[in-house]
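# Okay, predicted coordinates and the sequence, questions at the end:
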Amino acid sequence: MIRIAAVGDTHFGADSAGTLRPHLDALDAHADLFLLAGDLTRVGTEHEAAVLARELAGVSVPTVAVLGNHDFHSNEVGAVHRVLADAGITVLEGGTRTVQADGTTVGVAGVKGFGGGFAGACGSDFGEAEMKSFIQHTKCVADSLRDALDSLRTDVRVALMHYAPIKDTLSGERLEIFPFLGSYLLGEAVDAVGADLVVHGHAHAGTESGVTPGGIHVRNVAQPVIRHSYRLYCLDGNGETGPQCADPG
Amino acid sequence: MTHLSEPDEPPQYLVARVKDALANDPRGGELDIRVKIAGTGVFLSGSVSTPARRDAIATVVGELLPEFDLHNSISVTDMSEDPAPERIE
Ligand SMILES: [Fe+2]
Ligand SMILES: [Fe+2]
């Protein structure tokens, strides 16, 4: 049994200190891995990243993050990345992190992702340079996600991203903004090589649970959706004895 | 201080400008607040993570649209309970 804690869209600012800390002891006791699904900060300043890094300082389980659009807003993404990395958080963009728990290896492939829309109602790599670069960025990110996932040789494989890979978990959002919330290219990349779980954020008014066209579980862990400090998902691995999927409450 | 609204400006343009201000005002950085203008009121809804964030949004909107009655229904996400686990099979 592998236990994965996850949250996205914490949108940390100077006023956020202390909002997560009361729950982190339970997280440490009941999770093997902690995933952060982007929009970690309010407007992507080094200072906001430092507030989050201090908040997470007591977490001892491996913590793996991707960044979201808010984390890019102040053009301090290099500093944000460095502050989080210095705090021991692995920040992925096309890379992987492997951890071991309960005799099971878990691999996480992470990307920010991007928008573009969903099959039948999406932008095309066509026309003006601005439109081409929009869709080409999504294609590039989706390709790196597929390659990273495909490189994992672990018992359990998790795809971590900020933008949504499917429409299911956008249910509740306005249809008009779907192309800015995610892209089917991300879901297609996951389905091409397989995974056990996809975790994303970004869609604050969306829905927690969904499934890719290929049948892979997707969870939208945007904090306004899950309405908790994090969610805890338990997946069967190879371990036979380890801890159960205990209710931390 | 700049007031956004011109006499008889269609409300949908005002909503767009308020949303833009909520994204870009240094006190904002919020893209997910729902803004509706109806009658003499501006109605805000959605959720944020701290009470300070909720108040800052109201301040920004109040400065932009002082002639409208402000109805702030933004909720602060309650994270007081630890989450229940889900087993994925
Ligand atoms: Fe967000
Ligand atoms: Fe986002």
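On my side now, so go ahead. The structure displayed is predicted, hence computed values, not measured ones. Residues are numbered from 1 along each chain as shown, chains lettered A, B, ... in the order given. Ligands and ions are numbered 1, 2, ... in the order given.

# got a list of what the spatially most central residue of chain A touches?
Using CA atoms, centre = their mean, the residue of chain A that lies closest to the mean C-alpha position is A:Ala37, 2.8 Å off. Residues near A:Ala37 by CB atoms under 8 Å, 6 or more residues apart in numbering or on different chains: A:6-9, A:65-66, A:68, A:160-162, A:199-202, A:221-222. All C-beta spots, glycine's among them, are computed from the backbone N, C-alpha and C.

# Look up the residues forming beta bridges with the closest residue to it other than its chain neighbours.
Spatial nearest neighbour of A:Ala37, chain neighbours left out: A:Gly8 (3.0 Å); criterion: CB to CB, 6 or more residues apart in numbering or on different chains. Applying DSSP bridges to A:Gly8 gives these bridge partners: A:Ala222.

# For residue 25, give me its contacts.
I went with chain A, as the question did not name one. A:Asp25 neighbours (CB under 8 Å, 6+ apart): A:Gly58.

# Oops, wrong one, chain B.
Here B:Asp25 is in contact with B:Val60 (criterion: CB under 8 Å, 6+ apart).

# How much space separates it from chain A?
10 Å (CB to the nearest CB, to the nearest Å).

# mind checking how far that residue is from ligand 1?
17 Å (CB to the ion, to the nearest Å).

# Secondary structure of A:Phe34: a helix, I assume?
No: using DSSP: H, G, I helix; E, B strand; the rest coil, the assignment for A:Phe34 is strand, not a helix.

# what are the ranges of the helices in chain B?
In chain B, the helices defined using DSSP state H lie at B:11-24, B:51-64.

# can you tell me the average pLDDT over the first one?
This points to helix B:11-24. Across helix B:11-24, pLDDT averages out at 92.

# what residues are up against A:Tyr184?
By CB under 8 Å, 6+ apart, the contact set of A:Tyr184 is A:116-119, A:122, A:165-166.

# do that again at 10 Å, thanks
A:116-122, A:138, A:142, A:164-167, A:191, A:212-213 (CB atoms under 10 Å, 6 or more residues apart in numbering or on different chains).

# ok, the residues you listed vs ligand 1, which is closest?
Using CB to the ion, the shortest approach to ligand 1 within the contacts of A:Tyr184 belongs to A:Ala164, at 11.4 Å.

# List the contacts of that closest one.
A:113, A:115, A:118, A:170, A:173, A:178, A:181-184, A:186-187, A:198, A:200-203, A:206, A:210, A:218, A:220, A:222.

# Try it again at 8 Å.
A:113, A:170, A:181-183, A:186, A:200, A:202-203, A:206, A:220.

# Would you mind giving those residues as JSON lines with pLDDT, secondary structure and neighbour count added?
Converted to JSON lines, those look like this (pLDDT from 0 to 100; DSSP: H, G, I helix; E, B strand; the rest coil; neighbours: other CB atoms under 10 Å in any protein chain shown):
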{"residue": "A:Gly113", "pLDDT": "98", "secondary structure": "coil", "neighbour count": "32"}
{"residue": "A:Leu170", "pLDDT": "98", "secondary structure": "helix", "neighbour count": "22"}
{"residue": "A:Leu181", "pLDDT": "98", "secondary structure": "helix", "neighbour count": "25"}
{"residue": "A:Gly182", "pLDDT": "98", "secondary structure": "strand", "neighbour count": "31"}
{"residue": "A:Ser183", "pLDDT": "98", "secondary structure": "strand", "neighbour count": "31"}
{"residue": "A:Leu186", "pLDDT": "98", "secondary structure": "helix", "neighbour count": "30"}
{"residue": "A:His200", "pLDDT": "98", "secondary structure": "strand", "neighbour count": "33"}
{"residue": "A:His202", "pLDDT": "98", "secondary structure": "coil", "neighbour count": "31"}
{"residue": "A:Ala203", "pLDDT": "98", "secondary structure": "coil", "neighbour count": "28"}
{"residue": "A:Gly206", "pLDDT": "97", "secondary structure": "coil", "neighbour count": "23"}
{"residue": "A:Asn220", "pLDDT": "98", "secondary structure": "strand", "neighbour count": "34"}
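
# For the residue of chain B found nearest ligand 2, report the pLDDT, please.
For chain B and ligand 2, the shortest gap (CB to the ion) falls at B:Leu31, measuring 7.3 Å. pLDDT for B:Leu31: 93.

# isn't it right up against B:Asp20?
No: counting by CB atoms under 8 Å, B:Leu31 does not reach B:Asp20; the two are 9.9 Å apart.

# For A:Leu52, pull up the helix or strand it's in.
Assessed by DSSP states H and E, A:Leu52 sits inside helix A:46-55.

# Determine how far that helix lies from the middle of the whole chain.
Distance, stretch centre to chain centre, for helix A:46-55: 18 Å (CA atoms, centre = their mean, to the nearest Å).

# Check whether B:Leu22 really touches B:Glu63, as I assumed.
No: with contact defined as CB under 8 Å, B:Leu22 does not count as touching B:Glu63 (11.7 Å).
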